[in-house]
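[1] please work out how this folds:
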Amino acid sequence: MNPEENTNNTSPAPAQRREPNGANGAPNSNEGARKPQSRNGGGRPQGGGRGRAGNNGGNGRSGGGRSGSGAGQAGSGANGGRSVSRGQAIRAQKQSLMDAQRIVSQYADAGARAGNNGGGAPEKRRANQLDFDAEPQLRIIGLGGMDGGGSKNTILVEYKDDAVIMDCGNDLGVDLPGINYGIADMTYLDSIKHKLRAYVITHGHLDHIGGLPHIVPRYPAPIYGSKFTIGRVEEIFNNFGLPMPDGFELKTVTMNEDTHERLKVGPFFVELVRITHSIPGSTCIVLDTPVGRLINTGDFRFDPNPLDHERSDYERLKQLGDEGVLALLSESTTVERMGRTPSESTIEQSFVDLIEHAPGRIFVGLFSTNMNRVQMIVNAAVHNGRKVAMDGRSMVSTLEMAVRHGFMKIPKGTFVPIANVPNMKDQDVVVVCTGSQGEPSSALQRMSSGDHKYIKLKAQDTVVLSSTPIPESGNDSLIGMMVDGLTRKGVHVFEHRNHELDGVGPLHVSGHASQDEYIEMIQMTKPKFFIPIYGAYRVKQRHIDLAVGQGIPRLHCINAENGQVIAMTADKMELNGEVPHGTVLVDQTGAVVNSVVVKDRVVLAEEGLVAIVLTVDKRTGNLLTSPDIISRGFIYMREQEEIMNGLRNELRRAVQQRFKRVDLDRFKAELKDHVTHYLFEQTQRSPIVIPVVNVISGGGGKGEVKATTAVGGRTKTGEELAKEQEKRFQEMRARLLTQDARTD
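    Predicted coordinates:
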């Protein structure tokens, strides 16, 4: 007996393959004319524009969903389906794959981007060439962070045979099935690995350090940062889900931002300058290069009265500006916000008042790294005689590190385990937890849904969301659903965006500057050239407008995109080509996921899967059992018996007409095309089709199955072997049919 034959190739079959009745179909040259897939729009349109046969139907990822279900999806049924050509069906399946590719390509790695240009080398954007024969060139390349706030911020600075990387973050805003985050594709480093001297980090948020555990082991170099930042780096390496390569040793260098310490790294000198943000230890990077001085602001605001009393080092920034700054690389996240960002101290009294007057337990949701705000809440809780419980793995881990390094001042006996909260009086406890953005599986989200191990929310509890939705993240809907769940439980919910409506003081201030502070940074540093970073393209363009308003010539400003090379001399700055760049996708375990896998997941989510299992006698070419059809996420089979019976008849006809005429691989390819055609004709949908063909070897006599096994000294009869094979097949079929509790 031949081994079981399987295929899971989800690519569309070549056009020249014939379906079982011998018809041919050719791809439509206009198959790319269909409107791009909308990720938040409604379902597939009705009427003449419906479906992919006309190549003009939108395909919504969420929102309205598909029109109809069950029988409604199936159209006219097996006996009255639309007349659809095989070519239309194959084009529809190709369009499904193209739609999925369009979604995944937003996060394509460097190899996929190269392939999108026809399989050759990546397309290079060329600019006027600088005369670098006269002067050495400094190259600044944004490998991430040049296309949106909080998006894998990673900037490479290269000079001759030396290079440093400023920040190395991840992108938590990736919305793809089974994907946790993305990191910058560092393919370009393969060619300059020998040049890399250091990673220099502005601060400890994940969008600036989250890529380090993936990238540093492949491209090793010491990591430089402030005391708190290095503590965060060591924390994420210790908590990383995958083992480090053999022989890898994490090397860190803690710098003192208060003493203006300058360290030599190759031909560069590195200095950190204290700046205020929403996490302790935030700094600007001052990188003195042979060509001139660069300043990377990192994420910042100018808080005149920070809770930790660590004000931005205005004096040093002004001094650097007086000495001369070649280029300012300034973050641009909230350039569109007018005025100044309020001080963190302005919300302190709001928490004191809420904790004092709340009738029951208080739960405060905030960002896990905002230790200054945790300190504020602890102070307010102690002032009102309440204990504090912390919940959320990332928050507890960061708190432990902050206490260990002396960044937090916690009175003895203040903290209690989260497991003790149900046994405490309501007026005696404050719970500080993660989940202010409505993140799935966060502590507050689990409390909202009733899935928390220890906490069951009840009426008279108070929940405070001390944050606003992260720009460009789409978290508004997640927060809204969580607040709905809290409100249904009778919980009092206070959000910063509704604080005036609720009659309470402000509950959150941003960690990012507003326009007046961005202008002030430019005025203090007085750069010759200006490069906006860490923001969406439109926001960076507004930042350039601010710089021009401060007297910097527009020709001295560049709005670069990821991968573009900014080439500089002491007197010139221009774009000069492009390097490989993109996004590497990572799942919950920390493992890298190939984009081909993600594309299949997107198609499965949109169209579903149909597996066809056939058992065929090799000698006669006849089916030994009725065709098995397994559907997942496609149609509800019990309501579509007419379509399923019609499909079984088509499969029987295909086996009779084609199995003996072509080789097995060709037969499976034709079978896949034929099933795709039939299902699209009946339902106007194109699921992934996986044909499985079990071939039973025949021979030895009429109607017998070839005996190939001997037991107990005698050879099994053909009848015994056939029964045994049938039993094994039925067991396999049962496993397939029962692997999911649903019967769809």
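[2] list the residues that contact Phe240.
    Counting by C-beta atoms under 8 Å, 6 or more residues apart in numbering, Phe240 makes contact with 213, 590. For glycine as for every other residue, the C-beta is placed from the backbone atoms N, C-alpha and C.
[3] mind doing that once more with 6 Å?
    Contacts of Phe240 were listed using C-beta atoms under 6 Å, 6 or more residues apart in numbering, and they are Pro213.
[4] for it, give me the pLDDT.
    In this model, Phe240 is scored at 91, pLDDT.
[5] nearest residue to Leu263 other than its sequence neighbours?
    Val270 (5.2 Å; C-beta to C-beta, 6 or more residues apart in numbering).
[6] ah, wrong one, I meant Arg373
    That would be Leu366: by C-beta to C-beta, 6+ apart, it lies 5.5 Å from Arg373.
[7] can you read off the backbone torsions of the one you found?
    Per-residue torsions, Leu366: phi -150, psi 180 (degrees, to the nearest 10).
[8] what's the weakest-modelled helix or strand in the protein?
    Across the helices and strands of the chain, mean pLDDT, DSSP states H and E gives its lowest value to strand 5-6, namely a mean of 36.
[9] count the neighbours of Glu574 for me.
    Around Glu574 there are 15 other residues, counting by other C-beta atoms under 10 Å.
[10] same check on Asp246?
    Neighbour tally, Asp246, other C-beta under 10 Å: 5.
[11] helix, strand or coil for it?
    coil (DSSP: H, G, I helix; E, B strand; the rest coil).
[12] do you know how far it is from Met186?
    21 Å (C-beta to C-beta, to the nearest Å).
[13] one more: Ile295?
    24 Å.
[14] then Glu356?
    With C-beta to C-beta as the criterion, Glu356 and Met186 are 51 Å apart.
[15] which of the two has more neighbours?
    Neighbour tally, Glu356 and Met186, criterion other C-beta under 10 Å: the higher count belongs to Met186, 26 against 12.
[16] which element is that one on?
    Secondary structure assignment for Met186, by DSSP states H and E: no helix or strand.
[17] confidence score at it?
    Value for Met186, per-residue pLDDT: 95.
[18] now it. Nearest residue, chain neighbours left out?
    With sequence-adjacent residues excluded and distances taken as C-beta to C-beta, 6+ apart, Met186 is closest to Ile215, at 5.5 Å.
[19] show me what the residue nearest to Leu263 is bridged to.
    Beta-bridge partners for Val270, by DSSP bridges, are Leu263, Leu287.
[20] quick one: contacts for it?
    So Val270 contacts 200, 224, 263 (C-beta under 6 Å, 6+ apart).
[21] need phi/psi at the residue nearest in space to the middle of the chain.
    Closest to where the C-alpha atoms of the chain average out (C-alpha atoms, centre = their mean) is Val174, at 2.2 Å. Main-chain torsions, Val174, degrees, to the nearest 10: phi -70, psi 120.
[22] go ahead and confirm it touches Ile183.
    No. When contacts are counted by C-beta atoms under 6 Å, Val174 is not listed as touching Ile183 (9.9 Å).
[23] tell me the average confidence for stretch 524-539?
    Taken as a whole, stretch 524-539 carries a mean pLDDT of 96.
[24] and that stretch, how far out from the chain's middle?
    26 Å (C-alpha atoms, centre = their mean, to the nearest Å).
[25] pull out the buried positions in that stretch.
    524-536, 539 (16 or more other C-beta atoms under 10 Å).
[26] nearest to Arg652 among those?
    Ala536 (56.2 Å; C-beta to C-beta).
[27] in this structure the closest one contacts Gly145, no?
    No. Using C-beta under 6 Å, Ala536 is not in contact with Gly145, being 10.7 Å away.
[28] so what sits opposite Arg293 in the bridge?
    Assigned bridge partners for Arg293, using DSSP bridges, are Asp288.
[29] check contacts around Tyr454.
    418-419.
[30] out of the buried residues of stretch 524-539, list just those in strands.
    Counted as lying in strands by DSSP state E, out of the buried residues of stretch 524-539, are 527-533.
[31] can you redo the residues you listed as TSV with distance to Ala611?
    What follows is these, written out as TSV (distance: C-beta to C-beta, whole Å):
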residue	distance to Ala611
Pro527	61
Lys528	64
Phe529	59
Phe530	57
Ile531	53
Pro532	51
Ile533	48
